[in-house]
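> Okay, sequence plus prediction incoming.
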Amino acid sequence: MLRAILRGATAHSRTAPDRSIPAVIVSSKLSSSNYSSSTSTKSSLTKAKKSKQKAAAQSEEASAAAADDDFSDPLGDEAARNRRLAEDDKDPSLDVGPNGRALFTSATAISQLSRKDACAYMKFSTEALNEVLPEGLPAGMVKEFEDSRRCALLVRQSFLDLRDNFRRIVDPPLRPSDGKCPKVLKQIVLDGPVSCGKSIALAMLVHWARDEGWLVFYVPKGRDWTHGGFFYQNPETGFWDTPVQAANILQDFLKRNESHLKQLTCQISDPIPLGEGVGVGWMKGVDSMAMPEGSTLYDLAQMGIRHTHAAVGVVVRLRKELSLVKDIPVLIAVDQYNSWFTFSDYGEAVTVRSWRPIHAKELATVNAFRSMMHDDMMVGAFSHSTAVGKLRQELPDVPKDARINFPRYSFDEAATVSYYYLRQRLVRREVFSDDNWKKVYYLSNGNGTEMRWLAPLMR
């Protein structure tokens with residue numbers, strides 16, 4: 001019986017299905033389905049997060065692009081900026097400076113400016129400036145007009161002091177000085193850091209003097225006297241003559257002063273020494289040219305322009321004649337004055353293999369006008385754009401107290417300049433703030449060119 005039971009159990013185990021395998025398969029199916037469901041859920045969450053991040057990035061890029069478009073519109077698209085500026089001109093409420101002050105002065109002439117007009121802008125017209133300054137405008141002034149899209153200049157206290165100095169020479173005050181007024185200087189050399197406004201101040205001084213009826217000998221580019229053109233050493237004087245530059249000097253002098261020169265009679269009747277002409281050599285048998293009796297300074301200048309042999313001699317004579325003019329005030333204004341205290345572009349062959357540079361003081365024209373050791377009114381401005389280098393404090397032929405430092409923008413001037421650039425759409429209104437323009441001022445240290453360059457970079 002026991003054997004029958006064992007046999008039946010064995011036969012049942014062979015014929016009965018194995019249920020452990022399906023259990024394992026089922027459990028594996030369940031586990032795989034659970035894993036796939038969890039994986040699909042995580043992937044869907046990851047995709048959702050990525051899509052959200054992508055959408056956020058796209059929105060940020062779109063807003064940045066819109067901001068860039070808004071920023072570049074007034075700067076990059078000049079037509080759009082000019083159109084908006086034309087619309088802004090119709091709204092006088094925009095002409096507001098720091099602390100609610102007026103951004104533009106109401107004065108229409110430089111002679112009308114007073115201390116109350118300091119730290120305000122004065123409007124000019126390009127036609128009027130070219131008429132008063134036909135010799136040429138300073139490069140810094142032209143760049144300022146181009147970037148700001150307006151012919152306006154900042155009225156600075158340093159310029160008013162310069163103007164009043166020469167005004168007191170010609171028109172001294174009725175009351176004697178009580179010691180508060182600074183010493184009056186007839187000869188001034190404007191020195192100072194690069195881009196501090198020396199050339200613009202000199203040009204505005206010439207503008208004011210000519211408006212007052214003065215006779216002004218204005219040299220906007222003194223470096224041109226020492227570079228380029230034909231040159232030779234005059235055996236009679238020992239100086240080097242530059243007839244090409246001399247003719248250009250006389251032509252520039254006649255552009256604005258013709259009416260004055262026709263009324264001024266020459267005081268020196270000596271004949272004009274002749275030199276070598278440009279491309280024609282020396283005149284045979286003639287070494288001088290007589291001036292007709294009763295000739296005017298206009299006739300003298302015309303002689304130098306018509307006769308190339310007499311150009312240098314006329315420039316030298318003209319300097320002597322200007323010192324003798326008493327009917328009207330005479331002012332000599334020279335920009336890039338520091339280029340007259342270094343070597344010129346010319347040279348002299350010493351031997352076959354050696355060459356000597358010629359100093360500017362050896363040129364006849366420079367030698368006639370460089371000295372300030374006289375009683376005439378004269379202003380010279382240093383220009384660091386000429387790469388002359390730093391000169392010593394005491395210059396030859398210049399009074400010791402003549403050299404003064406022209407300052408960069410003060411804090412108040414920088415504030416007005418920043419608001420002016422905001423008015424002219426060099427800066428976006430949504431990023432302009434007192435903290436931002438102060439950062440620009442401190443970064444540039446009051447340098448006018450750098451402030452104009454940094455202003456559009458406000459963020």
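It's in. Numbering: from 1, shown residues only.

> Distance check, residue 332 against residue 411.
34 Å (Cβ to Cβ, to the nearest Å). Bear in mind the C-beta positions are built from the backbone N, C-alpha and C, glycine included.

> Looking at those two, which has the bigger crowd around it?
In terms of neighbours (other Cβ atoms under 10 Å), residue 332 is the more surrounded of residue 332 and residue 411; the figures are 21 against 10.

> In the stretch 51-200 of the chain, what residue spans correspond to strands?
Using DSSP state E, counting those that start in this stretch, the strands of the stretch 51-200 of the chain run over residues 120-123, 152-155, 187-191.

> For the first one, buried residues please.
With burial defined by 16 or more other Cβ atoms under 10 Å, the residues of strand 120-123 counted as buried are 120, 121, 122.

> do stretch 432-449 as well
Here stretch 432-449 shows 432, 436, 437, 440, 441, 444, 446, 447, 448, 449 as buried, counting by 16+ other Cβ under 10 Å.

> Mind checking which of the residues you listed are in helices?
Judged by DSSP state H, the buried residues of stretch 432-449 include 436, 437, 440, 441, 444, 448, 449 as members of helices.

> related to what we said a few turns ago, just the closest of the buried residues of strand 120-123 to residue 418, please.
The closest of the buried residues of strand 120-123 to residue 418 turns out to be residue 121 (Cβ to Cβ; 12.2 Å).

> Quick check, pLDDT for the residue lying closest to the closest one once chain neighbours are set aside.
In space, and not counting its chain neighbours, residue 121 is closest to residue 152: 4.4 Å by Cβ to Cβ, 6 or more residues apart in numbering. On the pLDDT scale, residue 152 is placed at 96.

> from memory residue 152 sits against residue 125, does it?
No - using Cβ atoms under 8 Å as the test, residue 152 is too far from residue 125 to be in contact (10.2 Å).

> Between these two, point out the one with more neighbours.
residue 152 (20 against 9).

> quick one on the thing from earlier: can I get the buried residues of strand 120-123 in TSV including distance to residue 219 and pLDDT?
What follows is those, written out as TSV (distance: Cβ to Cβ, whole Å; pLDDT from 0 to 100):
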residue	distance to residue 219	pLDDT
120	30	97
121	27	97
122	24	97
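
> can you pull the buried residues of stretch 325-344?
Buried-residue list, stretch 325-344, by 16+ other Cβ under 10 Å: 325, 329-344.

> From start to finish, how long is stretch 300-319 in a straight line?
12 Å (Cα to Cα, to the nearest Å).

> Give me the distance between it and the centre of its chain.
Between the centre of stretch 300-319 and the centre of its chain there are 34 Å (Cα atoms, centre = their mean, to the nearest Å).

> shaky segments in the stretch 301-450 of the chain?
Screening the stretch 301-450 of the chain residue by residue with the criterion pLDDT under 70, one finds the ranges 387-390.

> about what we covered before: beta partners of the residue nearest to residue 121?
For residue 152, the beta-bridge partners under DSSP bridges are residue 123.

> Who are the contact partners of it?
104, 121, 122, 123, 124, 420 (Cβ atoms under 8 Å, 6 or more residues apart in numbering).

> most centrally placed residue in this protein?
In the chain, the C-alpha nearest the mean C-alpha coordinate belongs to residue 140, at 2.6 Å (Cα atoms, centre = their mean).

> thought that residue was touching residue 198?
No - between residue 140 and residue 198 there is no contact under Cβ under 8 Å: 9.0 Å.

> Now do the helices in the stretch 201-350 of the chain.
In the stretch 201-350 of the chain, the helices defined using DSSP state H, counting those that start in this stretch lie at 243-261, 297-306, 311-323.

> Compare these and give me the one nearest residue 397.
helix 311-323 (13.3 Å).

> Name the residues of the closest one that come out as buried.
In terms of neighbour count (16+ other Cβ under 10 Å), helix 311-323 has its buried residues at 311, 312, 313, 314, 315, 316, 317, 318, 319, 321, 322.

> Would you reformat the residues you listed as TSV and include distance to residue 392?
What follows is those, written out as TSV (distance: Cβ to Cβ, whole Å):
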residue	distance to residue 392
311	33
312	29
313	32
314	33
315	28
316	27
317	32
318	30
319	25
321	32
322	28
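
> thinking again about what came up before, could you dump the helices of the stretch 201-350 of the chain to a markdown table with distance to residue 282?
A markdown table is the format used below for those (distance: least, Cβ to Cβ, whole Å):
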| stretch | distance to residue 282 |
| --- | --- |
| helix 243-261 | 12 |
| helix 297-306 | 17 |
| helix 311-323 | 13 |
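
> For the residue nearest to residue 200 when sequence neighbours are not counted, give me the pLDDT.
The shortest distance from residue 200 to any residue other than its chain neighbours is 5.2 Å, reached at residue 141 (Cβ to Cβ, 6+ apart). On pLDDT, residue 141 comes in at 95.

> how close does residue 141 sit to residue 206?
Residue 141 is 12 Å from residue 206, by Cβ to Cβ.

> Same drill for those two, tell me which one is more crowded.
Ranked by neighbour count (other Cβ under 10 Å), residue 141 and residue 206 place residue 206 first, with 24 against 19.

> Wait, that one touches residue 334, no?
No - Residue 206 is beyond contact range of residue 334, at 10.5 Å (criterion: Cβ under 8 Å).

> Look up how far residue 221 lies from the closest residue to residue 355 other than its chain neighbours.
Closest residue to residue 355 apart from its sequence neighbours, by Cβ to Cβ, 6+ apart: residue 347 at 5.0 Å. Separation of residue 347 from residue 221 (Cβ to Cβ): 21 Å.

> From the chain's centre, how far out is stretch 379-393? Work that out for me.
16 Å.

> Counting neighbours, which bits of the helix or strand residue 454 falls within end up buried?
Using DSSP states H and E, residue 454 sits within helix 448-454. By neighbour count with 16+ other Cβ under 10 Å, helix 448-454 contains the buried residues 448, 449, 450, 451, 452, 454.
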